[in-house]
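Enquirer: Pasting the sequence and the predicted model now:
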Amino acid sequence: MSAEYGLCDLAVVSLRDTEQESDSGVRGASVNNSEFQADFSEDPCLSASTFHYSNGTVKPGSSTDSAVSSEVKLCSVHESELDRYCSTEGRLVCSLCVAQGSCEGHTVTQLAERATAVRNQLVDICEKMQLQALRIERFIQHTLSEKERTVQVEASIAREQVVAQVNAVREALEEEEQRLLEAVHREEERVEQCLLTQREHWNKALGTLSNARTSLVHTLTHSTDTMLVSSNQEISDRIEEAEGVGKPKDTEKLNLNRDCSNSKLMLGLWASALLLGPSAHGLAHLHFDKRSVSPLLSLSSDCRTLTFLPKRQRQAPPSNPERFDSWPNAVCSHSISSGTHSWVLEVGTSGAFKVGVCYSSMQRKGPGSDTRLGYNTKSWVFSHYDGDFSFCHNGQNMTIVVVKRPTRVGLLLDWTTQTLLFYDPDTMSVLHTVRQAFTEPLLPACAVADQSISILQ
């Protein structure tokens, strides 16, 4: 905390167990604004005096001293000392007002007792303000600073991605390279401006909160009982200022939009350069893992063709934890976690198939979505069913319009740029592109529910 929170030698307001606060839990963890609201509606005449504390709590009866006696107020009706507080009417009264006057039968407490209660309320409020200030400082120092570093890293990655793609077709894409680099720079500037705005806003909010707390702490430490109990409006104003600070939270505006580096022109030429250039990235000797093949399918002797079986031809295969037992799926044995790779599958005239990739940790047993390609967070597939083509991931289907029905489907996976591309090898047209932050090794995966599909050499 800054030095301004050490007011009054930290004897007035103390944080209880702040060491238990999580240093990384700033996001969305700020104090609920309603916690600042003390119920002063029934106390229109709050006052104060000097007082003492033990462990951050006011000691009842310790608020009277020479300052109080020098400012004794008398009842205008009975000319007696105003030494009591009427909660019913919300004002200071004397003993005669209680015994035989207008406050007879009302809820009445001793002035010192009432002042002690108000102080304890303010102690709690100031503690909550201090926690709020601590969280805002952490948000500024950690979250916003980390965002700034992350944006710089992501912007650097985006630049490298742009430069890497342009290098493959440098002569034809110099203008595109410049355009994309400028787009990344503009996006980086936008995010940095957002971070700067956020930093300025929350620094200002922190100042507001600090001033409000300082004012309340001053009221606590420099007010007599009468002054404290009579300061209702000022206290309410300070609390309202604190409530107006709000909660700091992370938003998408503070993140770099990775789409700023996307280019359809570049993507198509980049893919063509990788697939047709002198250094092709085909997967040699790719075949299906027979341990994974569903009992709904048959596998050819060379382990490259999957055929959907009618019910009468199905047989129970040996039990294996790698086998898909409910959906007509199979995966390849080659795991991908680096480099650039491509492979092609012959889909022929099959009316129901899926080709794509999945994590090796994808579930294999049961009929649920966890084992169905394209219906969970661990698989990405190009699908053909009932005459329609689509891209499927996590149960979301994106319709893909094709000019000509492909009989072969190619896949290009570039781990460096985290790009998965589906294309038609006959026309070299891109069918769909996915940019995904892959976190596990990927396996080529397929499903077929009509005729056959095959891996081409």
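Expert: Looks like it came in fine.
Enquirer: Counting by contacts, list what the helix or strand containing Ala164 packs against.
Expert: Secondary structure assignment for Ala164, by DSSP states H and E: helix 145-168. Helices and strands touching helix 145-168, as assessed by 3 or more C-beta pairs under 8 Å, 6 or more residues apart in numbering; DSSP states H and E, comprise helix 174-222, helix 264-276. Placement of C-beta: from N, CA and C, glycine included.
Enquirer: Now render those as a markdown table, adding distance to Phe422, mean neighbour count and mean pLDDT.
Expert: A markdown table is the format used below for the helices and strands packed on helix 145-168 (distance: least, C-beta to C-beta, whole Å; neighbours: other C-beta atoms under 10 Å; pLDDT from 0 to 100):
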| stretch | distance to Phe422 | mean neighbour count | mean pLDDT |
| --- | --- | --- | --- |
| helix 174-222 | 23 | 17 | 88 |
| helix 264-276 | 10 | 17 | 77 |
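Enquirer: I'd like to know which of those helices lies nearest to Glu104.
Expert: helix 174-222 (32.2 Å; C-beta to C-beta).
Enquirer: Now do that closest one: which elements does it pack against?
Expert: Against helix 174-222 (3+ C-beta pairs under 8 Å, 6+ apart) you get helix 111-138, helix 145-168, helix 232-243, helix 264-276.
Enquirer: if we go to 7 Å?
Expert: Using 3 or more C-beta pairs under 7 Å, 6 or more residues apart in numbering; DSSP states H and E as the contact criterion, the elements in contact with helix 174-222 are helix 111-138, helix 145-168, helix 232-243.
Enquirer: Show me what the shortest one is packed against.
Expert: Of the remaining helices and strands, those touching helix 232-243 by 3+ C-beta pairs under 7 Å, 6+ apart are helix 174-222.
Enquirer: Show me what the mean pLDDT comes to for the helix or strand just after the helix it packs on.
Expert: The element immediately downstream of helix 174-222 (helix or strand, assigned by DSSP H and E) is helix 225-229. Helix 225-229 carries an average pLDDT of 83.
Enquirer: Run through the neighbouring helices and strands of helix 225-229.
Expert: With 3+ C-beta pairs under 7 Å, 6+ apart as the test, helix 225-229 has helix 111-138 packed against it.
Enquirer: Report the rounded mean pLDDT for the helix it packs on.
Expert: 92.
Enquirer: cool, stretch 448-457 as well?
Expert: The model assigns stretch 448-457 a mean pLDDT of 92.
Enquirer: Need the contact partners of that stretch.
Expert: 286-287, 297, 304-308, 328, 343-353, 446 (C-beta atoms under 7 Å, 6 or more residues apart in numbering).
Enquirer: Out of these, which sit inside strands?
Expert: Counting by DSSP state E, the contacts of stretch 448-457 place 297, 305-308, 343-346, 352-353, 446 in strands.
Enquirer: And the spatially closest residue to Val403 that is not a sequence neighbour, how close does it get to Val402?
Expert: Distances taken as C-beta to C-beta, 6 or more residues apart in numbering place Ser429 nearest to Val403, at 7.5 Å, with adjacent residues excluded. Going from Ser429 to Val402 by C-beta to C-beta, to the nearest Å gives 8 Å.
Enquirer: coming back round to it: my understanding was that the residue nearest to Val403 contacts Leu421; is that so?
Expert: No. Under the criterion of C-beta atoms under 7 Å, Ser429 makes no contact with Leu421, lying 11.0 Å away.
Enquirer: Who has more neighbours out of those two?
Expert: Leu421 (22 against 14; other C-beta atoms under 10 Å).
Enquirer: residue contacts, the more buried one?
Expert: Leu421 touches 271, 412, 430, 433, counting by C-beta under 7 Å, 6+ apart.
Enquirer: The third one falls within a strand, correct?
Expert: Yes. Assigned with DSSP: H, G, I helix; E, B strand; the rest coil, Val430 falls within a strand.
Enquirer: Give me the neighbour count for the closest residue to it other than its chain neighbours.
Expert: The shortest distance from Val430 to any non-neighbouring residue, by C-beta to C-beta, 6+ apart, is to Tyr423 (5.2 Å). Counted with other C-beta under 10 Å, residues neighbouring Tyr423 total 25.
Enquirer: Glu160 versus Tyr423, what's the distance?
Expert: For Tyr423 relative to Glu160 (C-beta to C-beta), the value is 24 Å.
Enquirer: now swap in Asn232 and tell me
Expert: 61 Å.
Enquirer: higher neighbour count, those two?
Expert: Comparing Asn232 with Glu160 by neighbour count (other C-beta under 10 Å), the higher total belongs to Asn232, at 18 against 13.
Enquirer: neighbours of Lys249, just the number please.
Expert: That count, for Lys249 with other C-beta under 10 Å as the rule, works out to 14.
Enquirer: Check the gap between it and Thr143 for me.
Expert: 9 Å.
Enquirer: now do Asn394
Expert: Distance from Asn394 to Thr143, by C-beta to C-beta: 28 Å.
Enquirer: Same drill for these two, tell me which one is more crowded.
Expert: Taking neighbours as other C-beta under 10 Å, Asn394 and Thr143 compare with Thr143 leading, 20 against 12.
Enquirer: what's the pLDDT at the more buried one?
Expert: pLDDT, read off for Thr143, is 91.
Enquirer: cool, Leu443 as well?
Expert: Note on Leu443: pLDDT of 96.
Enquirer: Does it touch Gly356 like I think?
Expert: No. In this structure, Leu443 is not within contact of Gly356 by C-beta under 7 Å, at 9.9 Å.
Enquirer: Could you pull up the mean pLDDT of stretch 381-391?
Expert: 95.
Enquirer: gap between the spatially most central residue of the chain and Gln198?
Expert: Centroid-nearest residue in the chain: Asp250, 6.6 Å away (criterion: C-alpha atoms, centre = their mean). Noted for Asp250: a distance of 10 Å to Gln198, by C-beta to C-beta.
Enquirer: and what of Val434?
Expert: Distance from Val434 to Gln198, by C-beta to C-beta: 31 Å.
Enquirer: likewise Lys264?
Expert: In this view, Lys264 and Gln198 are 33 Å apart by C-beta to C-beta.
Enquirer: about what we covered before: which of the ones in strands among the contacts of stretch 448-457 are buried?
Expert: 297, 305-308, 343-346, 353, 446 (16 or more other C-beta atoms under 10 Å).
Enquirer: Now do the same for Leu412: helix, strand or coil?
Expert: Classified using three-state DSSP, Leu412 is strand.
Enquirer: now it, which residues is it bridged with?
Expert: Ser342, Leu421 (DSSP bridges).
Enquirer: for Val331, same thing?
Expert: In beta-bridge terms (that is, DSSP bridges), Val331 pairs with Ala445.
Enquirer: Same check on Ser298?
Expert: Applying DSSP bridges, one finds that Ser298 bridges with Thr307.
Enquirer: wait, doesn't it sit right on Phe308?
Expert: No. Ser298 is beyond contact range of Phe308, at 8.3 Å (criterion: C-beta under 7 Å).
Enquirer: where does the residue lying closest to Ser294 once chain neighbours are set aside land in three-state SS?
Expert: Of all residues not flanking Ser294 in the chain, Phe324 sits nearest, at 4.4 Å (C-beta to C-beta, 6+ apart). What three-state DSSP gives for Phe324 is coil.
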